[in-house]
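In: Structure, please.
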Amino acid sequence: MKIAMLVLGVVMALLGVLWFLQGIGVLGGSVMSGQTTWAVVGPIVAIVGIGLAVASRRRPAGRR
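Out: Numbering: from 1, shown residues only. Predicted structure coming up:
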């Protein structure tokens, strides 16, 4: 389960960065390019992904 959370978190973070770069127009060639919506959604998805990846690496409470 922890591996799946880590992989999902990393994928979400990478997609968030990709969407952000498309949203601000750095990466072109997509209907998402230059759209403010993706410039806002991208960082949110990236932050959630990073949080998920970090949470997957933490030890459960009570274990040492």
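In: hmm, who's touching the helix or strand where residue 5 lies?
Out: In this assignment (DSSP states H and E), residue 5 forms part of helix 2-23. Identification of contacts with helix 2-23 by Cβ atoms under 8 Å, 6 or more residues apart in numbering yields 27-28, 30, 32-57. (C-beta placed from N, C-alpha, C; glycine too.)
In: Now it: buried residues?
Out: Going by neighbour count (16 or more other Cβ atoms under 10 Å), the buried part of helix 2-23 is 6, 9, 12-13, 16, 18-23.
In: mean confidence for it?
Out: Mean pLDDT, helix 2-23: 95.
In: Going forward, count from 15.
Out: I'll keep to 15 as the first residue from here, and by that count the last item is helix 16-37.
In: ok so, going back, strands - which of the contacts of helix 16-37 land there?
Out: Assignment to strands by DSSP state E places none of the contacts of helix 16-37 there.
In: Pull out the buried residues from those residues.
Out: Among the contacts of helix 16-37, the ones that count as buried by 16+ other Cβ under 10 Å are 46, 49, 52-53, 55-56, 59-60, 63, 66-67, 70.
In: Please flag which of these sit within helices.
Out: Counting by DSSP state H, the buried ones among the contacts of helix 16-37 place 52-53, 55-56, 59-60, 63, 66-67, 70 in helices.
In: Mind putting those into JSON lines with pLDDT and distance to residue 15?
Out: As requested, these are exported to JSON lines (pLDDT from 0 to 100; distance: Cβ to Cβ, whole Å):
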{"residue": "52", "pLDDT": "94", "distance to residue 15": "30"}
{"residue": "53", "pLDDT": "95", "distance to residue 15": "33"}
{"residue": "55", "pLDDT": "97", "distance to residue 15": "27"}
{"residue": "56", "pLDDT": "97", "distance to residue 15": "27"}
{"residue": "59", "pLDDT": "98", "distance to residue 15": "21"}
{"residue": "60", "pLDDT": "98", "distance to residue 15": "22"}
{"residue": "63", "pLDDT": "97", "distance to residue 15": "17"}
{"residue": "66", "pLDDT": "95", "distance to residue 15": "12"}
{"residue": "67", "pLDDT": "94", "distance to residue 15": "14"}
{"residue": "70", "pLDDT": "91", "distance to residue 15": "8"}
